[in-house]
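Participant: Structure for the following, please:
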Amino acid sequence: MMFVSNTRILQKEGKSSKNWRQVTLLTNNDETKFEVREYYGQKKTSYMREVLRMSYDVVGVAILNFNNIISSRVIDGYEQVESLCKEAANVPFVVFKPPAFKHSNKTTYAEQFQSTEKPAAIEVPVGDRLYIRFGCESLGSVKAVTSSNQPVELSLPVSEMILEKVKIGQIENGVIECYVYGSDVVITDISSINGIEIKLPYSQRLQRAKEIFGFKSDFNYPKIMTTLDELKNSKANYFLVKQNTHTTMADGCFTIPNFYTVACVVLNVHRTRKNIYTVYFWGEDNYIKIGTFRYSQQIREGSRVHIGFNQLENGMPARIWLSPFQPYNFDDTSEEGIEIEQMQNYKDTWVGL
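Facilitator: The predicted structure follows:
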């Protein structure tokens, strides 16, 4: 993995718009491999794309070529722009790992919440939990990873929404926690800005995110709940609880479910609709369709799974999703326990407060 060691931003006034360039020197963790990359774009820094990449084994040669490219661009009429970028400013992008949210059933969820010092709970939004890293190699770069630290491609509208907030000398890079569903983005936390970790209680980190990305913008933000009654009156699928006594994203996080869960079987894996699955109960002599859910990873057809729901329509689970509690792995094709008779006592399957 490479991280930014040094970078320079340059601009030149064109006939109809500004021309932007960024030259970046990168190195690996043990400083045995080096790269010089150049990015170019017009009008906005968010339009910059990589146009040159050169690899080196010797740091002196890499630095020489880094400086030569900058000098060449200055000769071409470019001027360096004062920015917040500096040596090793992006190290947090390398060392950052998505936090693991804990879940425990050793005590009741109500006891866990009430025993937490200064709890700050939010309804977990619909969508995939992602960690978006913007301004990594250049002002126009955006990368995202899942909660399991797997890279994922963002849609163009989401990338553009993020990059619109990049301003030279103000906000040049950062790491945010969010839930993405289509083009809807709910920002739930912020880890670092301009290479500096945000060390504030959770409510203040969320407030900082609102100040950066806008109170009235395309981004949404969760409401923080601090009492057990607020959670009990919520119709959320589950909650994420953070602590206002902890000062970083990775500290003191746990989840509380808020749904019923039953077993069923996946019989339709949609080929034309990616990550959409249809599940069924077994009736007296045939399968009975329940509905569809979306899941970002592959599930084999015929797999026995648990779905979550907290609404019924005509006695059947409605608006279902894949439960986070899966007693079987996705390769289990047994049909034991998937009978529709589960719904006669579905209230016994409740997990939550």
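Participant: Any figure for the gap between M161 and D184?
Facilitator: When distance is defined by Cβ to Cβ, to the nearest Å, M161 is 10 Å away from D184. The way it works is simple: take the backbone N, C-alpha and C, and place the C-beta from them, glycine included.
Participant: swap that for T278, please
Facilitator: T278 is 24 Å from D184, where distance means Cβ to Cβ.
Participant: residue ranges of the strands in the stretch 101-250 of the chain, please?
Facilitator: Using DSSP state E, counting those that start in this stretch, the strands found in the stretch 101-250 of the chain span residues 119-123, 128-134, 142-146, 151-152, 174-181, 184-193, 196-197, 219-220, 238-243.
Participant: Reformat these as a markdown table; add distance to R8 and mean pLDDT.
Facilitator: Listed next are the strands of the stretch 101-250 of the chain as a markdown table, based on distance: least, Cβ to Cβ, whole Å; pLDDT from 0 to 100:
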| stretch | distance to R8 | mean pLDDT |
| --- | --- | --- |
| strand 119-123 | 40 | 94 |
| strand 128-134 | 19 | 91 |
| strand 142-146 | 20 | 89 |
| strand 151-152 | 27 | 89 |
| strand 174-181 | 20 | 92 |
| strand 184-193 | 20 | 92 |
| strand 196-197 | 20 | 82 |
| strand 219-220 | 30 | 94 |
| strand 238-243 | 38 | 91 |
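Participant: quick check: mean pLDDT across stretch 302-309?
Facilitator: Per-residue confidence for stretch 302-309 averages out to 94 on the pLDDT scale.
Participant: neighbouring contacts of it?
Facilitator: Here stretch 302-309 makes contact (Cβ atoms under 8 Å, 6 or more residues apart in numbering) with 237, 257, 259-267, 279, 290, 293, 299, 317-328, 330-338.
Participant: which parts of stretch 332-350 are buried?
Facilitator: Of the residues in stretch 332-350, those buried by neighbour count under the rule 16 or more other Cβ atoms under 10 Å are 332, 337-340, 342-343, 346, 349.
Participant: tell me the centre residue of this protein?
Facilitator: Ranked by distance to the mean C-alpha position of the chain (Cα atoms, centre = their mean), the top residue is L130 at 1.1 Å.
Participant: K143 is in contact with that one, correct?
Facilitator: No - counting by Cβ atoms under 8 Å, K143 is not a contact partner of L130; they are 10.1 Å apart.
Participant: still on that earlier bit, with distance to Q207 added, can I get the strands of the stretch 101-250 of the chain in a markdown table?
Facilitator: Putting the strands of the stretch 101-250 of the chain into a markdown table (distance: least, Cβ to Cβ, whole Å) gives the following:
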| stretch | distance to Q207 |
| --- | --- |
| strand 119-123 | 12 |
| strand 128-134 | 19 |
| strand 142-146 | 23 |
| strand 151-152 | 27 |
| strand 174-181 | 14 |
| strand 184-193 | 10 |
| strand 196-197 | 16 |
| strand 219-220 | 14 |
| strand 238-243 | 13 |
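Participant: Please report phi then psi for Y346.
Facilitator: Note on Y346: backbone dihedrals following degrees, to the nearest 10 are phi -60, psi -30.
Participant: list the contacts for the nearest residue to it once chain neighbours are set aside?
Facilitator: Counting by Cβ to Cβ, 6 or more residues apart in numbering, Y260 is the residue found nearest to Y346 once chain neighbours are left out, at 5.4 Å. Contacts were defined as Cβ under 8 Å, 6+ apart; by that measure Y260 touches 308-310, 317, 346-347, 349-351.
Participant: One more pass at 10 Å, please.
Facilitator: 307-312, 317, 323, 342-343, 346-352 (Cβ atoms under 10 Å, 6 or more residues apart in numbering).
Participant: The stretch 201-350 of the chain: helices as residue ranges?
Facilitator: With DSSP state H, counting those that start in this stretch as the definition, the stretch 201-350 of the chain shows helices at residue ranges 202-213, 228-232.
Participant: Just name the most buried of these.
Facilitator: With neighbours taken as mean count of other Cβ atoms under 10 Å, the helices of the stretch 201-350 of the chain reach their highest mean count in helix 202-213, at a mean of 18.
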